[in-house]
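Colleague: Next comes the sequence, and after it the predicted model I'd like to discuss.
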Amino acid sequence: MPSFVITEKCDGCQGQDKTACMYICPHDLMALKEVVDKETNEVKMKGVNQEPVQCWECYNCVKICPQQAISIRCYADFAPLGGEVIPMLGSDSIMWTVKFRNGNLKRFKFPVRTVEAGNVDIRSGVGEASADISRIKDPGFYTHHANGSALPTPS
Amino acid sequence: MEPKVNNWEFCEKPEIVIHETDVLLIGGGMSCCGAAYEADRWASPEGIRVTMVDKAATDRSGAVAMGLSAINTYLGDNSPEDYVRYVRNDLMGITREDLTFDLGRVVDDSVHLFEDWGLPIWKKDEEGKSLDGAHAQREEIPSLRDGGAPVRSGRWQIMINGESYKVIVAEAAKLALENNRKATGVDQNHFERVFIVKLLLDKDDPKKIAGAVGFSVREHKIYVFKCKTAMLGTGGAVNVFKTRSTAEGQGRAWFPVWNSGSNYAMAAESGAEMTMMENRFVPARFKDGYGPVGAWFLLFKAKATNALGEDYCATNLEESRKLYGKYVDSLGTCMRNHMMMIDMKAGKGPIKIHTDVAMQELSKTMSKKEIKHLESEAWEDFLDMTIAQAGVWAANNMEPDKVPSELMPSEPYLLGSHAGCAGLWTSGPEDFGPEEYSWGYNRMTTINGLFTAGDGVGASGHKFSSGSHAEGRIAGKSMTSYFLDTKGEDVAYAEDPEELAKEIYMPMETYGKYSDYTTDPNINPNYIRPAMMQQRLQKVMDEYVGGVGTWYMTSKTMLEEGFNYLVMVKEDSHHMAAENLHELLRAWENFHRILAGEAHARHIHFREETRYPGYYYRGDFLAIDDENWKCFVNSTYDKVTGEWNVFKREYHQLVP
């Protein structure tokens, strides 16, 4: 069913400038729907995966959700119930918890980037060079022209 | 059935936005991000406007959306000649060696930039032990550019911590687009959630690009982009064939399910020459989850066997040689599939990869800490790029270091960047290569001003993520060059935007008009919903064009039977109904899937041999026939008559 949204945790990103899961899903699966609170009868907008059969289980909605309201229930046509993979994406690393059907747990931590998000500098290092427009018909990128590397042809 | 018409009686007419630009990038994956980056350097100082249009959010769009655990094309000390040999070998002797060599000589530059931008790349320390990318930086191990040694999982592959790979590459592309906005004074040049569905050709010269049209999947808006030059960078084709999984598992394709064949369909509709559309990729992967096997085979040295413990690539070698001769020894990707399938069909399955044995073997000489690190590396391979595989193991209580796992060949996918070579026929590099392969601008299709990259460029596979980025850069620079050379030419599309809007929104009008006729809007004699249309296509492709249901087998007679059904699939596609913008997106993705699937079937029909055993078989021509078929199969499509013109193009060997 792949991604699912926990009713209680989802606040529809009311306080945010955009609905995070809707913004990020590469396949346009996440949408908002009206959910009626059984106790107060209040109508609230909450996230939902509108087309689970097209979910790639890429976990981008899970990783981005500010409320940790989204998780993945593995595809039920081939995966038994009870397993779960939970990411916690930080600024420079990601923590994974793998929960097995039998209750066993594994935890892993991997780096995700060595330059902070928003700090990529496309003009740093070799990128400071400019393209020489007179060489636009020459093979290679502006970087090859700038550092004087000659490109080989088949010998 | 009566033809459908859209008079805006049953759906609201959307706003039509006309956006003028010079260089238009269609897509937002690795190719388009590369094109935006390189085009900015050449175009911005000249005041040339660059625009990117992505159907998703660029941070997580394209095939790298989930992340990757390896960069599969990094030459390092290897020569471009050897890269050509490797690609030619895996693609069964036929590749555009000019394109492949050209890519091989520049691809490393993109990888070096990725590292500058913060992509962690595994390195070897002084003792030859592997460190993750962040650890290597803390230890002050030099960057790849400065001679740091990557951890190679194979001759061409290097390991990365790639969870945020696409986010990093997208940030650079977005900065390049921002820079272009500043240089040209344009307010907006990066459109997300706009799905381009058709290319627009010049009114006086139908062999020249003039723009593209699509719609927002968030707002009721049609977008018409007017441009001098455009690049198609919209990936391959998935979910064209019936999937092995059923119901909700259908989205778990190995290749991203949002790759809907748009690159091939939009190009074919424009009359661009296609090449090698008969080729496909059938990855043999961990069953159901389709997790990557590359690192297990190459880095951890795992072996795969049949249920009797036999290495099927050894036991089936002589038998396979009868039909495939010298190609057997090359042990290319399709040939390994072929030998695995021999055993599966003989009931010698399940085929298993012995991850447990490999891990135990590697752990023999390791400390406890090192074993823990190794286990972590093995899990990262999945968590970085196919998280669902970790889920399958967790759900089945399987730990790959303790038990082996089953392997399975997937349903077929069409692509040009991985171990496949479907795509468009493009011009090669300016400085070498046969004249027949070059018409002025590197990676330009046979439509003037229309370029492509990554999965779009045919007859040259094994580019992967880095190669797609680099090929996008090649195209981005070429497009700028084309723009400068054609500056004085007037370009204008022939179509009336009002009519385009009607055509694009037709499925919305159809739904509005008929959905109340039945009590269940899903079952209605007046239309078919996109999800069902997709299933219909998948069933025809599976049964007649060699899907999993026939063990990838087809023939002239089977294909011709299938063509009859495909004609009606195409007719019925004009009766698709969409309740909302999301479903309109699906409808148009399926128009594209259908045409991509048809191109595939037409090409298989033309090539009377089995060039790619293990990917598909022509039962009536089971062998490889080098005498007649060591050539490219190309085609053009006439959208007015619906006819395909399929023909041969000569293969020239450049590298001995």
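Modeller: Noted; the coordinates are in hand.
Colleague: Hmm, residue B:81 is touching residue A:155, no?
Modeller: Yes - Residue B:81 is within contact range of residue A:155, at 6.6 Å (criterion: C-beta atoms under 8 Å). Heads up, the C-betas are built off the backbone N, CA and C, glycines and all.
Colleague: The two - which one has more neighbours?
Modeller: When residue B:81 and residue A:155 are compared for neighbours, residue B:81 comes out ahead with 18 against 9, by other C-beta atoms under 10 Å in any protein chain shown.
Colleague: Before we go further, that one is sitting in a helix, right?
Modeller: Yes - judged by DSSP: H, G, I helix; E, B strand; the rest coil, residue B:81 forms part of a helix.
Colleague: Please name the nearest non-neighbouring residue to residue B:198.
Modeller: Leaving aside its chain neighbours, residue B:198 sits nearest to residue B:213 (5.2 Å; criterion: C-beta to C-beta, 6 or more residues apart in numbering or on different chains).
Colleague: Repeat that for residue B:253.
Modeller: Distance criterion C-beta to C-beta, 6+ apart; nearest residue to residue B:253, sequence neighbours excluded, is residue B:238 at 4.7 Å.
Colleague: any idea how far residue B:415 is from that neighbour?
Modeller: Using C-beta to C-beta, to the nearest Å, residue B:238 is found at 9 Å from residue B:415.
Colleague: Quick check: neighbours shared by these two?
Modeller: Common contacts of residue B:238 and residue B:415 (C-beta atoms under 8 Å, 6 or more residues apart in numbering or on different chains): B:255, B:259.
Colleague: Count the neighbours of residue A:127 for me.
Modeller: 18.
Colleague: tell me the SS of residue B:390?
Modeller: helix.
Colleague: Can you tell me which residue is spatially central in the chain?
Modeller: Here I'm looking at chain A. Per C-alpha atoms, centre = their mean, the C-alpha nearest to the average position across chain A is that of residue A:60, at 3.0 Å.
Colleague: meant chain B actually
Modeller: Centre-nearest of chain B using C-alpha atoms, centre = their mean is residue B:236, 3.2 Å out.
Colleague: Nearest residue to that residue in space, please, no chain neighbours.
Modeller: Spatial nearest neighbour of residue B:236, excluding adjacent residues (C-beta to C-beta, 6+ apart): residue B:415 at 3.2 Å.
Colleague: And that neighbour, how far from residue B:532?
Modeller: The spacing between residue B:415 and residue B:532, counted by C-beta to C-beta, is 25 Å.
Colleague: the more surrounded of those two?
Modeller: Using other C-beta under 10 Å, the more surrounded residue of residue B:415 and residue B:532 is residue B:415, with 28 against 15.
Colleague: What score does the more buried one have for pLDDT?
Modeller: pLDDT, residue B:415: 98.
Colleague: Need phi/psi at the nearest residue to residue B:187 once chain neighbours are set aside.
Modeller: Counting by C-beta to C-beta, 6+ apart, residue B:187 lies nearest to residue B:181, which is 7.2 Å off, once chain neighbours are set aside. The phi/psi pair for residue B:181 (degrees, to the nearest 10) reads phi -60, psi -50.
Colleague: got a list of what residue B:181 touches?
Modeller: Contacts of residue B:181 by C-beta under 8 Å, 6+ apart are B:187-189.
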